[in-house]
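[1] Structure for this input, please:
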Amino acid sequence: MCYFSSFVVFPGNRRVLPLNAGVIVLISVTLEWSDYSIYGKCLHIYNDVAELYVSSEFGPRVLHYSLKGQPNTFYTNEGMNYIQKGPEFDNTFYPGAYWNVYGGNRLWKSPHFKQTNYYPDHDAVDVEVLNDGAIFRCKPQIFNNVQHTVEIHLAENSSEVSMRYEIKNVSDEQKKIACWALSVCDIGGVSIFPQPQTRLGVLPNRHISLWDYSDMRDERVYWGGKYVALLGDPNASSPIKIGINNVDGWACYLNKGFCFVLRYEHVEGGEYTDFGVSYESYANPYFLELESMSPTKELSYGESVTHAESWELFTYSKALDYKDESQVDLFVERYIKKG
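    From the prediction side, this is the model:
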């Protein structure tokens, strides 16, 4: 193993790790440049418990998140099964432009507009290495006039990951947008997320948003009294998407003996897009997405909107009957709620 000391030091003990560097060990977190699958040079961030691979030649995407040496929680698009292209991409961006989901975790802006969200983010990313992770800064996006930044920290001795997302307005035009974080999980599992339980008497206590391709009769969805469960079915013939004002600020995905937990802060009184929902889940035959959002914010030139998530991953091989909410209650109390 090689250790490197020739780094540019920034305030806050931040360092830039050159692409030709081998391995750097800081605290109990190791950072190493490594090729990952077909995706070129990635930053491998790992400890004794968990590991991530984050792209530097496009995106960025957190392409891989797993317990050390275990299967990837996320879907990756090696087969180019999910891309967007056509005349509108040629006319908006450049001839031959296309969008590739790539897979893993990504940052988008909300509200959703096909012409702007499916941005061909194939440019290399600036990477600034920290003691326990890194900051990934994209080039400003042409046409959209925003700049994305993703900051990642891995805990020293657990699978916990802290994600910070930022979108900056780099134009003179006023923008009202939100951060939208999407974690694209491998197909075959079940996502569970809570419904609001606040007692408001004669007033409604939840927003549920459905997209035009979503069918409430879809057998992939279980509408419980306290939770919603969405199955990732590789044989499904159509996509489905559900949004909710997830006031508890968590969702989980159980697949292949592992449980991925996503946590974020739902801001009471915040202005959310898509009819007031802070969480959405989307599924098609290839993957299932866990998506959280910040409230919208008015941005002048140079101003940013930010959002944060925390992740956790652990083994869970027991059978969980997601239609039995007493079982789900016990699972949530033991594994999801903290403090």
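[2] hey, where'd the helices end up in the protein?
    Applying DSSP state H to the chain gives helices spanning 87-92, 114-117, 273-276, 325-331.
[3] right, so those: which one is the most enclosed?
    Each of those was given a mean neighbour count from mean count of other C-beta atoms under 10 Å, and the largest, a mean of 18, is that of helix 273-276. Every residue, glycine included, has its C-beta placed from N, CA and C.
[4] Show me what that one is packed against.
    Contact partners of helix 273-276 among helices and strands, from 3 or more C-beta pairs under 8 Å, 6 or more residues apart in numbering; DSSP states H and E: strand 208-210.
[5] partners of the strand it packs on in the sheet?
    Strand 208-210 has the following sheet partners, assigned by DSSP bridges: strand 240-244 (antiparallel).
[6] Convert the C-alpha atoms of the partner strand to PDB, please.
    Taking C-alpha atoms only, strand 240-244 is exported to PDB below (Å, rounded to 0.1, in the frame of the first residue of the first chain):
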ATOM      1  CA  ILE A 240     -45.000   3.500 -11.700                       C
ATOM      2  CA  LYS A 241     -44.300   6.500  -9.500                       C
ATOM      3  CA  ILE A 242     -45.700   7.600  -6.100                       C
ATOM      4  CA  GLY A 243     -45.000  10.800  -4.100                       C
ATOM      5  CA  ILE A 244     -45.900  11.600  -0.500                       C
END
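[7] Give me the residues contacting it.
    Residues outside strand 240-244 that contact it (C-beta atoms under 8 Å, 6 or more residues apart in numbering) are 193, 195-196, 206-211, 213-215, 218, 220-221, 228, 230, 274-275, 277-283.
[8] swap the cut-off to 7 Å and go again
    Counting by C-beta atoms under 7 Å, 6 or more residues apart in numbering, strand 240-244 makes contact with 193, 195, 206-211, 213-214, 218, 220-221, 228, 230, 274, 277, 279-283, all of which sit outside it.
[9] separation between residue 124 and residue 62?
    As for residue 124, its distance to residue 62 is 16 Å (criterion: C-beta to C-beta, to the nearest Å).
[10] Between those two, which is the more surrounded one?
    Between residue 124 and residue 62, residue 62 has the larger neighbour count (other C-beta atoms under 10 Å), namely 27 against 16.
[11] Quick check: bridge partners of the more buried one?
    With DSSP bridges applied, the residues forming beta bridges to residue 62 are residue 54, residue 105.
[12] wait, it sits on residue 106?
    No: using C-beta atoms under 7 Å, residue 62 is not in contact with residue 106; the gap is 8.1 Å.
[13] still on that earlier bit, relative to residue 173, which of the helices of the chain is closest?
    The closest approach between residue 173 and any of the helices of the chain, judged by C-beta to C-beta, belongs to helix 114-117 at 12.6 Å.
[14] other SSEs contacting that closest one?
    Using 3 or more C-beta pairs under 7 Å, 6 or more residues apart in numbering; DSSP states H and E as the contact criterion, no secondary-structure element is in contact with helix 114-117.
[15] Just the contacts of strand 240-244: which are in strands?
    Applying DSSP state E to these, the entries found in strands are 193, 208-210, 221, 228, 230, 279-283.
[16] which two in those are spaced the farthest apart?
    Distances among those were taken as C-beta to C-beta; the most separated pair is 208 and 283, at 16.0 Å.
[17] okay, these two: which has more neighbours?
    For residue 208 versus residue 283, the count of surrounding residues by other C-beta under 10 Å is larger for residue 283: 25 against 16.
[18] That one touches residue 214, doesn't it?
    No: applying C-beta under 7 Å as the test, residue 283 and residue 214 come out as separate, 9.9 Å apart.
[19] For stretch 264-274, buried residues please.
    Residues of stretch 264-274 classed as buried by neighbour count (16 or more other C-beta atoms under 10 Å): 264, 266, 270, 272-274.
[20] quick one: contacts of that stretch?
    110-111, 178, 209, 243, 246-247, 249, 278, 280, 292-293, 295-296, 308-309.
[21] which among these gets closest to residue 57?
    Distance to residue 57, by C-beta to C-beta, is smallest for residue 309 among these, at 23.7 Å.
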